[in-house]
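*Asks:* sequence and predicted structure below; questions after.
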Amino acid sequence: MALLTRKRVILIEAETSYGSDPGIVAADAVLVRDLSITPQSSDVVSRDVVRPFLGAFQQLLANTNVEVTFSVELAGSGTAGAAPRYGDALKACGFSETISSGTSVTYAPVSTSFSSVTIHYNTDGVRHKVVGARGSFVINGSVGEIPTIDFTFQGIYIPPTDTALPTVTYGNQATPLIFKQGNTSSFQLLSHSGALSSISLDIGNELVYRELVGGSQETLLVNRNITGSVSIEAIPLATKDFFAAALAETTGNLTFLHGTTAGNKVQVSSTKADIGDVAYAEEDGIQMLEIPYTLVPTAANDELTITYT
C-alpha cells in the first residue's frame, strides 16, 4: 500500500528525563510546514581491507541518529500569557521559558541545564520516534510573506514502527499575519527606525551527537552564535551612517514587533547587535542596505529575548 505524503503529523513534548518518551498525546501535535526527516543519519566506515581483486568494500554505519526539520508560523498561542504549542521546541533549542500568567511568555537563551524533547513523526502509518532531541532555529520575515521559525532537530535513533496516524488536536497556534506595514512594527537597528524589507535571525546552536563506550547516547548543545541580517531602504548618511557604525564597532539595539492583538504578538529584542560590513542591494529600483549582525552577550545569556504577549 502506498503511503501518502499529505498524511503526515508531528507531535512534540518536553522530556522530564533525557532520552525518555514522556508519553506523547494528541494535544502535543504541532501545526508545521516544510516538514522533513532524515530517518537515519550515520557516519559511514569503509572496511578497506586488502584483497587480490577489484571491487567495493563493505560499508559499516556508526553513530546513527535522526534529523528532523520543520517550520512554524511566527504567531502566538491566541491567549496572552499562554505558551505557543511549539514552546517546547524553543526550549529544546537552549532557551528558558518564563510565563507571566495572563500577560506574557518570554524565551531567553541559557548556557546550562538544556531541555530536550521527544518527537513523533508519523507518515501515513509509519511512526519515527526521536528521543533526546535538541536543536536550533532561524527566524525569517520578509514583506508580503508569513514569517516563520525554521527548526532543525537532532536526536537518538529508535527503529520505526507501523503505528496508525493518531487523531490529533491542534491548538495554541493563532492564525498568522503577513509580515507587512500595519502587522509588523517597532523595527529598530542601532536606534534607527528604518524601512524594513526582510530580517533573519539564526540562533546558531552547535550540536554534537555523542555515543561513547561506557557513556550515553546524547545530542549535546556545545555553543551558540546568534547572527543574522536585515535589508532596509538606504538613507542619507546624515540620517544614519551604518558604514561608520560598522567600522566603529558600535553595538546597539535590534528589535521588531509582529502582531497587533493580545495573544498574537511576538517581540524580538536585543541590545547587543554588532553589525558587520554593509552592502548595497537593489529592490524594485530602490537602493537597499544589506546589514549583517551578530548578537554578542556582555553578561550571561543577555543577547536576546523573544516575548509573546
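*Replies:* Now that the structure is in, tell me what you want to look at.

*Asks:* can we go C-alpha only for contacts and neighbour counts from here?
*Replies:* Will do.

*Asks:* per-residue confidence for Gly215?
*Replies:* Predicted confidence (pLDDT) for Gly215: 87.

*Asks:* same check on Tyr209?
*Replies:* Per-residue confidence (pLDDT) for Tyr209: 97.

*Asks:* any idea how far Gly94 is from it?
*Replies:* Per Cα to Cα, to the nearest Å, Tyr209 is found 16 Å from Gly94.

*Asks:* cool, Ile24 as well?
*Replies:* From Ile24 across to Gly94, the span is 21 Å (Cα to Cα).

*Asks:* again, but for Arg210
*Replies:* 18 Å.

*Asks:* who's more crowded, the two?
*Replies:* It is Gly94, of Arg210 and Gly94, that has more neighbours when counted by other Cα atoms under 10 Å, with 25 against 16.

*Asks:* is it true that that one touches Tyr107?
*Replies:* No - Gly94 is beyond contact range of Tyr107, at 9.6 Å (criterion: Cα atoms under 8 Å).

*Asks:* what's the offset of stretch 169-180 from the middle of its chain?
*Replies:* 16 Å (Cα atoms, centre = their mean, to the nearest Å).

*Asks:* from here on, count from 56
*Replies:* Sounds good: first residue 56 from here, last item stretch 224-235.

*Asks:* what's the end-to-end length of it?
*Replies:* Using Cα to Cα, the end-to-end distance of stretch 224-235 comes to 30 Å.

*Asks:* and the gap between the nearest residue to Lys295 once chain neighbours are set aside and Thr315?
*Replies:* Spatially, and ignoring its direct neighbours in sequence, Lys295 is nearest to His247 (7.0 Å; Cα to Cα, 6 or more residues apart in numbering). Applying Cα to Cα, the value for His247 to Thr315 is 22 Å.

*Asks:* count the residues that sit near the residue nearest to Val333 when sequence neighbours are not counted.
*Replies:* Excluding the flanking residues, the one nearest Val333 by Cα to Cα, 6+ apart is Ile346, at 5.0 Å. Residues lying near Ile346 (other Cα under 10 Å) number 21.

*Asks:* check Leu109 too.
*Replies:* With other Cα under 10 Å as criterion, Leu109 counts 7.

*Asks:* helix or strand for it, which one?
*Replies:* Using DSSP states H and E, Leu109 sits in no helix or strand.

*Asks:* what pairs with the residue nearest in space to the middle of the chain across the strands?
*Replies:* Nearest to the mean C-alpha position of the chain, counting by Cα atoms, centre = their mean, stands Phe192 at 1.8 Å. Counting by DSSP bridges, Phe192 is bridged to Phe206.

*Asks:* please apply the same query to the one 4 residues further on.
*Replies:* On the basis of DSSP bridges, Gly196 takes part in beta bridges with Ile254.

*Asks:* pretty sure it is touching Pro202, no?
*Replies:* Yes - shown here, Gly196 and Pro202 form a contact pair, counting by Cα under 8 Å, at 4.3 Å.

*Asks:* tell me the buried residues in the helix or strand harbouring the residue nearest to Val333?
*Replies:* In this assignment (DSSP H and E), Ile346 forms part of strand 341-350. For strand 341-350, burial by neighbour count (16 or more other Cα atoms under 10 Å) applies to 343-350.

*Asks:* hmm, who's touching whatever helix or strand comes next after that strand?
*Replies:* As assigned by DSSP H and E, the chain's next helix or strand after strand 341-350 is strand 360-363. By Cα atoms under 8 Å, 6 or more residues apart in numbering, the surrounding residues in contact with strand 360-363 are 131, 135-136, 138, 159-164, 318-325.

*Asks:* partners of strand 360-363, with directions?
*Replies:* Strand 360-363 pairs in its sheet with strand 159-164 (antiparallel), strand 321-330 (antiparallel), by DSSP bridges.

*Asks:* would you map the strands across the stretch 106-255 of the chain?
*Replies:* 114-128, 150-155, 159-164, 172-178, 181-197, 203-212, 216-217, 239-244, 251-257 (DSSP state E, counting those that start in this stretch).
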